[in-house]
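Q: need coordinates for the following:
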Amino acid sequence: PHPQPEREGMFHHGTGLNLTSRQYTAPIAGYYTFTATLHIVCREQRRKEQPYRGNHKKVLICVQSHCQHNSNLETVSQLESGGELFTISVTGVLYLQAGQYASVFVDNAAGSPLTVQSGSDFSAILLGV
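A: This next block holds a predicted model:
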């Protein structure tokens, strides 16, 4: 039996995805393709006298919560001036040992309040061992 989706329209096949911890745990060692698409609301907190300097957001998929360069997937997006809602995606292949997990992180260096909207997704598919 497969776990039931939390809401209509959600596809959940297999036992590796934990919706509570928001982590995918590899059932066997192998190469996995990961994809995350996040719909993010960003509300800038700046004073009127401060000019807009650009706002970069980074989304990463990391193994065991370690986000070192060359051992994760990442993409960077710049939020345009005045924009509040944007979509950012990251995809690629990572090797996981059996029992290792991967999860999605948002690097919010600017410190602006962020909210990940419903309709965002995260998937993992075993390519091969």
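
Q: which ones are touching Ala124?
A: By CB atoms under 8 Å, 6 or more residues apart in numbering, the residues touching Ala124 are Gly16, Leu17, Tyr24, Tyr32, Thr33, Phe34, Ala102. For the C-beta atoms, the positions are set from N, CA and C on the backbone; glycine is no exception.

Q: could you measure from the last one over to Gly128?
A: Distance of Ala102 to Gly128, given as CB to CB, to the nearest Å: 17 Å.

Q: so the two - more neighbours on which side?
A: Just comparing Ala102 and Gly128: by other CB atoms under 10 Å the higher neighbour count belongs to Ala102, 23 against 6.

Q: give me every residue that touches Leu127.
A: Applying CB under 8 Å, 6+ apart, the residues near Leu127 are Gly30, Tyr31, Tyr32, Thr33, Val93.

Q: low-scoring pLDDT stretches of this structure, where are they?
A: The chain contains residues with pLDDT under 70 at 1-14, 19, 44-55, 78-83, 110.

Q: now with 50, please.
A: 1-5, 8-9, 47-53 (pLDDT under 50).

Q: all strands of it, in order?
A: Assigned strands in the chain, in chain order: 17-18, 23-25, 30-42, 55-63, 72-79, 85-96, 101-107, 114-116, 121-128 (criterion: DSSP state E).

Q: how about the most centrally placed residue in the chain, what does it touch?
A: The residue lying closest to the centre of the chain (CA atoms, centre = their mean) is Val104, at 3.3 Å. By CB under 8 Å, 6+ apart, Val104 lies in contact with Arg22, Ala36, Leu38, Val59, Leu60, Ile61, Val90, Phe122.

Q: bridged to it, which residues?
A: Ile61 (DSSP bridges).

Q: my guess is Thr35 contacts Val93. True?
A: No - Thr35 is beyond contact range of Val93, at 10.5 Å (criterion: CB atoms under 8 Å).

Q: burial measure for the residue lying closest to Val90 once chain neighbours are set aside, as a count.
A: Spatial nearest neighbour of Val90, excluding adjacent residues (CB to CB, 6 or more residues apart in numbering): Thr75 at 4.2 Å. Thr75 has 15 neighbours, counted by other CB under 10 Å.
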